[in-house]
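Enquirer: Please work out how this folds:
(chains A, B, C and D)
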Amino acid sequence: VHEPLLSEKGEETVDVREESPLPDDLTREELTLPAPSEPEIARHYTRLSQMNWAIDSGPYPLGSCTMKYNPKFTEDVAADPNAAVHPDRPDRAVQGNLELQYRLQEFLADVGGMDAVTLQPPAGAAGELTGILIAKAYHEHHGNDRSEVVIPASAHGTNFATAATAGYDVVELPSGEDGRVDLEALEAAVGDDTAALMLTNPNTVGLFERDITEIAEVVHDAGGLLYYDGANLNALLGRGRPGDMGFDVMHYNVHKTFATPHGGGGPGAGPVGVTEELAEFLPSPRVRGTNGEKGYERFEPAESIGKVHGFEGNWLVLIKTYAYIARLGDEGLADAAAKAVLNANYLAERIDLEVPYGPFHHEFAATAGERDAADVAKRMLDFGVHPPTTKWPEMVPEAMLTEPTEIEGQSSLDDLAEAFDLAYADVDEALETAPNRTAAARIDQVGAARNPRLSWQALEED
Amino acid sequence: VHEPLLSEKGEETVDVREESPLPDDLTREELTLPAPSEPEIARHYTRLSQMNWAIDSGPYPLGSCTMKYNPKFTEDVAADPNAAVHPDRPDRAVQGNLELQYRLQEFLADVGGMDAVTLQPPAGAAGELTGILIAKAYHEHHGNDRSEVVIPASAHGTNFATAATAGYDVVELPSGEDGRVDLEALEAAVGDDTAALMLTNPNTVGLFERDITEIAEVVHDAGGLLYYDGANLNALLGRGRPGDMGFDVMHYNVHKTFATPHGGGGPGAGPVGVTEELAEFLPSPRVRGTNGEKGYERFEPAESIGKVHGFEGNWLVLIKTYAYIARLGDEGLADAAAKAVLNANYLAERIDLEVPYGPFHHEFAATAGERDAADVAKRMLDFGVHPPTTKWPEMVPEAMLTEPTEIEGQSSLDDLAEAFDLAYADVDEALETAPNRTAAARIDQVGAARNPRLSWQALEED
Amino acid sequence: MSGSPYAPHTDAETAAMLETIGVESEESLFDIPEAVAFDGEFGIDARTERGIRDECARMFARNDDATEFLGRGHYSHYVPSVVDHLSDRAEFLTSYTQYQPEISQGFLQALFEYQSMLVELTGLPIANCSMYDAATALSEAATLADRVRSTTGDVVLVPGHLREGKRAVLENYCAGADLTVEAYSMDDGIADVDALADRVGDDVVMVYAENPTLRGCIEENLDAIGEVADDNDALFTLGSDVVALSVLEEPASAGVDVVVGEAGALGLPTSYGMGLGVFACREEHLRQVPGRLVGASEDAEGDRAFTLTLQTREQHIRKERATSNICTNQAWVALRAAIHAAWLGPDGLVDLANDCVRDAAALADRIDDLSGAAAPVHDRHHFREFTVRTDQPAAAVADDLEETGFLVHVVGEHLLQVCVTDHNAGRADDLVAAFGEVI
Amino acid sequence: MSGSPYAPHTDAETAAMLETIGVESEESLFDIPEAVAFDGEFGIDARTERGIRDECARMFARNDDATEFLGRGHYSHYVPSVVDHLSDRAEFLTSYTQYQPEISQGFLQALFEYQSMLVELTGLPIANCSMYDAATALSEAATLADRVRSTTGDVVLVPGHLREGKRAVLENYCAGADLTVEAYSMDDGIADVDALADRVGDDVVMVYAENPTLRGCIEENLDAIGEVADDNDALFTLGSDVVALSVLEEPASAGVDVVVGEAGALGLPTSYGMGLGVFACREEHLRQVPGRLVGASEDAEGDRAFTLTLQTREQHIRKERATSNICTNQAWVALRAAIHAAWLGPDGLVDLANDCVRDAAALADRIDDLSGAAAPVHDRHHFREFTVRTDQPAAAVADDLEETGFLVHVVGEHLLQVCVTDHNAGRADDLVAAFGEVI
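Expert: Numbers count the residues shown, from 1 in each chain, chains lettered A, B, ... in the order given. Below is the predicted model:
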């Protein structure tokens, strides 16, 4: 299975200056690009699509990624041409969008136990940055100069990178023996310089931080803020709210928890919720109901950090988020969490691999033990499933971080378990040469990095 | 590659009477059907789709089927919710649909050189029946009792079946030596009993009936009507019109000539055009402009044959037809025909198989000679293309009736030629056991007919 | 843009191809005598894709923005998004008849599953994979009756309440088979079984009944009709639709030989009458079935595989002795109906059907409460629709309702017909209010 | 319907699974201390699929039905249907980051092709496979400048005409890197190169210019700006968009180091500001690029294959020393832009861009002909948009235009901005007429 590059199907060169109404010194000479017919385009991308795994292909249990089914109707809702408007419309001409934004802010505030929400951040990491910038603005506003963000070693890489982007020094907190935050280590780590602790809960191996009340106390006592990384919120829906646990600021990964499609890597959206105390620092604009009249208006929070996206964020994604939450409602959301946790526990019970920590919730980190987790994963491809996240988090050796989500049924989980076990039990040679039944055999990633060829132009030069 | 039946993924039985507001003697006891979740449905049909060849997969040169690319935008036009109305609306409440119907009638009349058009027939064969019923009504109206329809041996099977459905005896006309209608044989075949001659032009091996003027004369002189089977109209667009050739009635295969999707076997649409003389016999209702006001109305032709579809035919297909014709316009339509003919001639030139008749237009019947055409076709599957229509028409031994249509480019035709030649040159054993590279190996069609199992219930009984 | 936007040929490519063929120009490939060649123009201006989308959107916007309480043979229910998204996949939509089953397993299996759903709904062991619509399916049942019944008769008996258009189609098919169509009388919205029994004799090849009837009444005498037909060796054909079949008496158990009707009530939006014809029958008529059949078989590896089967019935092989002239059918609509049915599941189907009973009864009651209107006219159970007797002329009432944005059928001088489904049930209050205003 | 409609578990299945695990109930799987457990309700009522579609359709219908002549950083052109149909294929839309390249070749190749198109448009050899939008791409360029420039400076120079929101984003990223943002002055809509040259010195790490500028003017001094930046060892970053890049001076040949901006002008409809950030740069900055990169490699069979590469730059490996915190990006939008670009081809792209020049000039001319308005305000070539000086207060004119159904930007007390594309060019006559009425 091999599909030629578009460029290999024929390029055309246009003499730009021939037809241009502009003087030559303002234009390029020529433009060379593929010029396929529409039928060729349809075939090209149809074939490419068939060379790509997706949630609609089968199980996709990437731990920490929450790959759920993306309800088709949400696409139709987002495709409404009436919603396709320019962000610079005056408020009165865009009441429909403002209403949806307002309602979604409310939904998210309810779900997170937060007081105020911004929809602007275009991704989870952008939400993190927004949250940390809010924390920073809060401290500055109160005349505090704090330089550190504390992050557990098991946290997502984005947490570290975000803190650095915001100009903070990172203090890494080693995991306790039970895989959770060690209160003593935490107390040692926080202090006058602590701007915030960024915490994922359940954490990245699915463990709930049982001492969350004490953790919050330690951080708050030191004058720091508690940041909730929303990547694992799917485990808590209807069972616990970050706001009730003492978190001051959080982001939501709508493409995880609220089933908007991952789109091959994006777009997602990373709304941020905060407590009343932090609301004045939220990005601008926010949306509120107008006084008196029945309508909505944008406003700039008093001490706003400004903007984190040029306009209103990933609007089309936000529409799908609203539609998903409205579809599930209270009971559906709670059931999604319950079934996600049930599925993870059932699958862990069914596989031969050891799972060192527990009790976990929506995901677990099995260990491949003496095996190379990445090899086991490659071999799983041969059994018709997508493998879990591998070799992360590092607290579990040769980790296979697995998150089936609520959408798999028992038989699907059994298939997944079988793939795990077959791969895990396979001979070394089979593991090292896997996969063998996929469209492409194992791909040389080291070579790709050593000799980067990042465009068809680079291939042609070769 | 194997996908379980929906029923194998779990069925549910509902006790109908438990909840029914109806008395028990009016209801069934229970209903047993699959009850998959939406994610399971998405995966089931996504996987099934990936086990299916289509025009968006690659070349699909089925002779006589005119498998063209189906422009995506026509789907969006047909999905307009404003067009989704009930057929029993009064005229004044459905002016939009009537306008499109009226305009499409005009488009088709122009393209066919006809005076009046009905859009009602839901398929080509239904169009044939409509046309023959019109001919019958015409003869009856003029007090003629004619019992025969003359059809060339090389014609589509539907012609014969249609004539029989309309209550006519079929007179089969053998092909002349040059593959066309033999005028002498025609003269011998037609007479006082002849209601009509049904003719495909170019005929089913792509040959234009050069003697069409004489043919028309012979038929008309005998008091018969000349019927044009529109299956091959794609070859004539902008080059010739049935109405100008003496045809009295014709059908259009919009899913062939006008690129509406074939949908795995349908729906299509088979509008019928007639000369002024036959217009009063068209099915009811037709659409016309209202006198005076700017609007449209339905009316019943004076001597209408009645109806051939319960309502207005395959409406969603007709919308796509309109959109396609409007997209191409005069020059696009003429170019489609030119490129369809160019492609057929180029491909025939490129393959090693002999093509016995010519000059052909949009399709040609190569012969597999000593080979079994069906085996050669199966082997072609292994080279990643869809093979042509095989073993038909019978005038060419081991025929491979090939119609690439205008949408293939030179390199695609070269690939197709290579598949032809490789398969044709292959050893007997390879041919007999082909295909080997497809998801399913060769399927036992004889066994399927000998022991018909037409439902999952039948499989369960096995 | 002078050529077809979907033909990929550059000028250079065209020239190279002409050279390979050995001719000078595309024109020279055409073998059309001067006398009949067309060298004019159709006068059709090419539009852009966007231009056509705008043009058609403007056209369709000219349809009145009215709430339809219309039925009488064309029904639809909410079609879930998943139906569009899956059936629009190009591998389904842009494929053709499965002549090469080895690369068409997907559509074949989907059609096999559709057939199986119809088998469950009808209780009959054979269902084909589509006819055009209910009217043509009924017509094909009549010609099947003509082929399989040993009786010398030529009469097809149909209900006195039969949609006119459906009868017109039936008569066109019957004429070719020298059959005549005759109506039997109705008794308060359903079949008058006594009158029917009196009428049926040697001259009748088929008795056709509908459930629900055209007036929306649930037929109470299916078994009796079946006995009458059977006693006289007439084929018993029933017209229904897939939603009604989910709860109403199973046709097979009432002695029905052939079920026809509409499956487009699932999978299709309201679409100006476009349909999906059902055709299911007893095992003994298998080789007389019109249309396509998908069967299970095995491939050379011994794996289960699907294929079109019993094609010797069909026109491309049997020609004038085929069971029907049908070729292109409604396969893709059958796929859509199957997806919709899978999405509903048996629970959802039964719920939907029960709503069709309850909502009709409730709406009829409320209209009956108004002075100047009585509903339902027939003292029967109803499915989706019912008739209303108005003191004022029905046409005037319908016109007035149209003014207020509601469309209902006029079916008699003082008779309206109203159809309620999940599409318009939310507007039932408003309809009742509007009725109250105009009568 | 009490549970999630997308969780397939029957009660029996749930019970069996709980038994396998060895617990009594789903609740007992949760390890949440009582004190922080949530046992309340959000108060969100579940709706049906249909209910939500209706609800949202009603909401969006509350947006005014106005014709937008709006631009200033958010642009769109007609998106052909093929973009929706292909990008909506589930294998693309419902996939995630290509961590397992062996089963992700389709998306990887599509992104590789997208990168290649950007390489052609910018003339730079490296393009990543997306940032969020133009504003965040610009911000990432600033942090890259901070990393790669040996200068001791901390100033990022930006045009005096810079969209406020874009500057606000830039400042948020700059603050973390201890950079400060400062504007240089403009000369009649484009950069004042002399003023810029005077300002640039050791303290400047990056010079940012836009082409076209925020006022829609085509920048005439790209080469000069490049020289000024280069002379002072400042990174030269250019903001543009994919349509403009099709005809305007090739950035690489003007000495540009990094191109940022919007690719969402292709592939995305007008979408309330949602974007697709471009990031292209010189080879020497390859290992400092933010975001994902797709590279060509080989599989074990020796066949060409694609994979994410140079991931050691990224947050999931390098953590706080990563080149950016970006993870989820706009990959699917990049796919859409690539399909759109392929559909246009170089001819179509250039035609579209030329129309952006011609239509803006023509509309400005016609507005200029009206008494009470002068356009374009700047004596420059324009792309898509231009400013209009009004004798009356601009805000009042805009309000009056809004009344007649047209939306334009107010950018000064007596200054409006008007953007014309294929979306609204057909309404240009009406806009001019409306202008004539209200000024």
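
Enquirer: what sits up against the helix or strand of chain C with the lowest mean pLDDT?
Expert: Every helix and strand of chain C was ranked by mean pLDDT, DSSP states H and E. The lowest is helix C:315-318, at a mean of 88. Here helix C:315-318 makes contact (C-beta atoms under 8 Å, 6 or more residues apart in numbering or on different chains) with B:125, B:156-158, B:160-161, B:392, C:311-312, C:322, C:324-327. Where you see a C-beta, it was placed from the backbone N, CA and C, and this is true even at glycine.

Enquirer: so which of the residues you listed would you say is closest to chain D?
Expert: The nearest member of those to chain D, counting by C-beta to the nearest C-beta, is residue C:327 at 27.5 Å.

Enquirer: wouldn't that closest one be in contact with residue B:126 here?
Expert: No: using C-beta atoms under 8 Å, residue C:327 is not in contact with residue B:126; the gap is 9.4 Å.

Enquirer: quick check, residue C:40 in a strand?
Expert: No: going by DSSP: H, G, I helix; E, B strand; the rest coil, the assignment for residue C:40 is coil, not a strand.

Enquirer: near chain B at all, the helix or strand that the least confident helix or strand of chain C is followed by?
Expert: Sequence order places helix C:331-368 as the next helix or strand after helix C:315-318, per DSSP states H and E. Yes: on the criterion C-beta under 8 Å from any C-beta of the partner chain, helix C:331-368 is in touch with chain B at C:331-333, C:335, C:339, C:341-343, C:345-347, C:349-351, C:354, C:357-358, C:361.

Enquirer: neighbours around residue 423, how many?
Expert: You didn't say which chain, so I picked chain A. Counted with other C-beta atoms under 10 Å in any protein chain shown, the neighbours of residue A:423 add up to 27.

Enquirer: was after chain C, sorry
Expert: The burial count for residue C:423: 19, using other C-beta under 10 Å.

Enquirer: these two touch, right, it and residue C:76?
Expert: Yes: look at residue C:423 against residue C:76 with C-beta under 8 Å: they come within range, at 6.9 Å.

Enquirer: Quick check: neighbours shared by the two?
Expert: Joint contacts of residue C:423 and residue C:76 (C-beta under 8 Å, 6+ apart) are residue C:270.

Enquirer: do you know how far residue A:459 is from chain C?
Expert: Distance of residue A:459 to chain C, given as C-beta to the nearest C-beta, to the nearest Å: 23 Å.

Enquirer: mind listing what that residue touches?
Expert: By C-beta under 8 Å, 6+ apart, residue A:459 lies in contact with A:5, A:453, D:296.

Enquirer: Measure how buried the closest residue to chain D within the stretch 301-439 of chain C is and give me the count.
Expert: As assessed by C-beta to the nearest C-beta, chain D sits closest to residue C:422 within the stretch 301-439 of chain C, at 7.5 Å. Residue C:422: 15 surrounding residues under other C-beta under 10 Å.

Enquirer: Now do the phi/psi pair for it.
Expert: When read as degrees, to the nearest 10, the backbone of residue C:422 gives phi -60, psi -20.

Enquirer: What segments of the stretch 251-400 of chain A are strands?
Expert: A:272-274, A:286-289, A:296-299, A:364-367, A:389-390, A:399-402 (DSSP state E, counting those that start in this stretch).

Enquirer: TSV for those strands, including mean neighbour count?
Expert: Below are these laid out as TSV (neighbours: other C-beta atoms under 10 Å in any protein chain shown):
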stretch	mean neighbour count
strand A:272-274	31
strand A:286-289	18
strand A:296-299	17
strand A:364-367	26
strand A:389-390	22
strand A:399-402	27
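
Enquirer: ok, so of the contacts of helix C:315-318, who is nearest residue B:274?
Expert: Proximity of those to residue B:274 (C-beta to C-beta) peaks at residue B:125, which lies at 17.6 Å.

Enquirer: For residue C:229, see how far away the closest one is.
Expert: Remark: distance between residue B:125 and residue C:229 (C-beta to C-beta, to the nearest Å) = 30 Å.

Enquirer: Neighbour count: those two, which is higher?
Expert: When residue B:125 and residue C:229 are compared for neighbours, residue B:125 comes out ahead with 28 against 25, by other C-beta under 10 Å.

Enquirer: Assign a three-state SS to that one, would you?
Expert: Secondary structure of residue B:125, per three-state DSSP, is helix.

Enquirer: can I assume it is in contact with residue B:162?
Expert: Yes: at 6.1 Å, residue B:125 counts as touching residue B:162 under the criterion of C-beta under 8 Å.

Enquirer: shared neighbours of the two, which are they?
Expert: Residues touching both residue B:125 and residue B:162 (C-beta under 8 Å, 6+ apart): residue C:325.

Enquirer: How about the stretch 301-450 of chain A: which residue is closest to chain C?
Expert: Closest point on the stretch 301-450 of chain A to chain C, by C-beta to the nearest C-beta, is residue A:323, at 10.3 Å.

Enquirer: ok, how many other residues are close to that residue?
Expert: Using other C-beta under 10 Å, residue A:323 is surrounded by 28 other residues.

Enquirer: before we move on, what about the one 3 residues further on?
Expert: Taking other C-beta under 10 Å as the criterion, the count of residues near residue A:326 is 24.

Enquirer: Where does pLDDT dip in the stretch 201-350 of chain A?
Expert: Along the stretch 201-350 of chain A, no part satisfies pLDDT under 70.

Enquirer: Recalculate using a threshold of 80.
Expert: For the stretch 201-350 of chain A, applying pLDDT under 80 flags the ranges A:291-293.

Enquirer: Can you show me the helices along it?
Expert: A:212-221, A:254-257, A:315-350 (DSSP state H, counting those that start in this stretch).

Enquirer: Which elements pack onto the longest one?
Expert: The one in question is helix A:315-350. Helix A:315-350 is packed against helix A:72-78, helix A:95-112, helix A:254-257, strand A:364-367, strand A:399-402, helix A:410-424, helix D:11-21, helix D:49-60, with contacts defined by 3 or more C-beta pairs under 8 Å, 6 or more residues apart in numbering or on different chains; DSSP states H and E.

Enquirer: swap the cut-off to 7 Å and go again
Expert: Packing partners of helix A:315-350 (3 or more C-beta pairs under 7 Å, 6 or more residues apart in numbering or on different chains; DSSP states H and E): helix A:72-78, helix A:95-112, helix A:254-257, strand A:364-367, helix A:410-424, helix D:11-21, helix D:49-60.

Enquirer: Pipe those into a markdown table and attach distance to residue B:430 per row.
Expert: As requested, those are arranged in a markdown table below (distance: least, C-beta to C-beta, whole Å):
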| stretch | distance to residue B:430 |
| --- | --- |
| helix A:72-78 | 43 |
| helix A:95-112 | 61 |
| helix A:254-257 | 49 |
| strand A:364-367 | 47 |
| helix A:410-424 | 34 |
| helix D:11-21 | 48 |
| helix D:49-60 | 51 |
